[in-house]
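S.K.: missing the sequence, but the structure's below:
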């Protein structure tokens, strides 16, 4: 597994504590944390994905935003997942979920990290799953 850049120790501890492989990949100056075996709740086309987040300059003071999934997620009920698109990174076509923090839930430097961001990702998946079929 690649380790092409360095993260704060609390992020490494969280990644290693998951017990699943992860990568720290760099392509054209863009950094991504790639998390293998990320669980997906029932209601989607797969039980696990590879999830990725982009690490921007200034992290951990600057926020992590959005999430990328491979393979792309599809709802089992056929309902479209809004605010997604496909982006290429590391030789794969990733499904980007354009989800963002709000003024009510801002990034908190010194508190927020990969662990808290992936808690948001789990919440985004849960909320998407619970949307009624229309």
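M.R.: On my side now, so go ahead. Remember, it's a predicted structure, so these values are computed and weren't measured experimentally.
S.K.: From the chain's centroid, how far away is the lowest-mean-pLDDT helix or strand in the chain?
M.R.: Every helix and strand of the chain was ranked by mean pLDDT, DSSP states H and E. The lowest is helix 114-130, at a mean of 95. For helix 114-130, the gap between its own C-alpha mean and the chain's C-alpha mean amounts to 9 Å (C-alpha atoms, centre = their mean, to the nearest Å).
S.K.: what sits up against it?
M.R.: By C-beta atoms under 8 Å, 6 or more residues apart in numbering, the surrounding residues in contact with helix 114-130 are 7, 10-11, 14-15, 33, 35, 38, 40-44, 51, 53, 64, 67, 75, 81, 97, 99, 101, 105. Using the backbone N, CA and C atoms, a C-beta is placed for each residue, glycine as well.
S.K.: Please list only the buried members of those residues.
M.R.: With neighbours counted using 16 or more other C-beta atoms under 10 Å, the contacts of helix 114-130 contain these buried positions: 7, 11, 14-15, 33, 35, 38, 40, 43-44, 51, 53, 64, 67, 81, 97, 99.
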